[in-house]
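Trainee: My questions are about this predicted structure, shown below with the sequence.
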Amino acid sequence: MIEPGTRAPDFSLPDQEGNEVSSASLRGQTIVLVFYPLDFSPVCTDQLNVYQEILPELEGAGVRMYGISVDSSFAHAAFQRELGVSIPLLADFHPKGEVTDRFGLYDEDRGVARRALVMIDPQGVVRWSYASESPLEIPGANLIFDALEQAAPA
């Protein structure tokens, strides 16, 4: 898994509407990447619903959140519509898991992303990262807020 202090890998992935989102376009803002295994799985559904609840607070703090899985943009659009979430979902579909692998989060045995969070600062440096021990463990919203507090200038 990518370590804090490391420059985040460059990437360009389509969102749920097919629009390309690149790491370069995200520079200048703090972002949290939410890596999750699959759209429509029960745990992933619960995870994104939890983060949707805190999204206004994150955005109020100047943080943008993006989900990343190996599903296609089409699956992401249906998943987002079904859940009623507004978190942009990026498709690491082809080549499958390539970006996820650059972050050290591709589970080769299962062919999916590991469940993890990565916070990247406005300069493109990883400030914090967390990977769940189990695909069934949802990283709590408190972890994100604690990381933001630690990353804030004193």
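Mentor: Received, thanks. Numbers count the residues shown, from 1 in each chain.
Trainee: low-scoring stretches of the chain, by residue?
Mentor: The model of the chain has pLDDT under 70 over residues 152-154.
Trainee: can you rerun that using 80?
Mentor: For the chain, residues meeting the criterion pLDDT under 80 lie at 151-154.
Trainee: the strands in it, which residues?
Mentor: 12-14, 20-22, 30-35, 63-69, 89-91, 106-107, 112-113, 116-120, 126-131 (DSSP state E).
Trainee: Paired strands for the second one, with orientation please.
Mentor: What it means is strand 20-22. strand 12-14 (antiparallel) (DSSP bridges).
Trainee: likewise the fifth one?
Mentor: Strand 89-91 sits in its sheet next to strand 63-69 (parallel), going by DSSP bridges.
Trainee: Only alpha carbons, please: show the partner strand as CSV.
Mentor: Once non-C-alpha atoms are left out, strand 63-69 reads as follows in CSV (Å, rounded to 0.1, in the frame of the first residue of the first chain):
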residue,chain,number,x,y,z
VAL,A,63,-12.1,18.0,0.7
ARG,A,64,-13.2,16.2,-2.5
MET,A,65,-14.0,12.5,-2.3
TYR,A,66,-13.8,10.0,-5.2
GLY,A,67,-14.6,6.3,-5.2
ILE,A,68,-12.5,3.9,-7.3
SER,A,69,-13.3,0.3,-8.2
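Trainee: show me the biggest helix of the chain in terms of residues.
Mentor: helix 42-60 (DSSP state H).
Trainee: Tell me which of the strands of the chain approaches G97 most closely.
Mentor: strand 106-107 (4.2 Å; Cβ to Cβ). C-beta here means a position set from N, CA and C on the backbone, and glycine is covered the same way.
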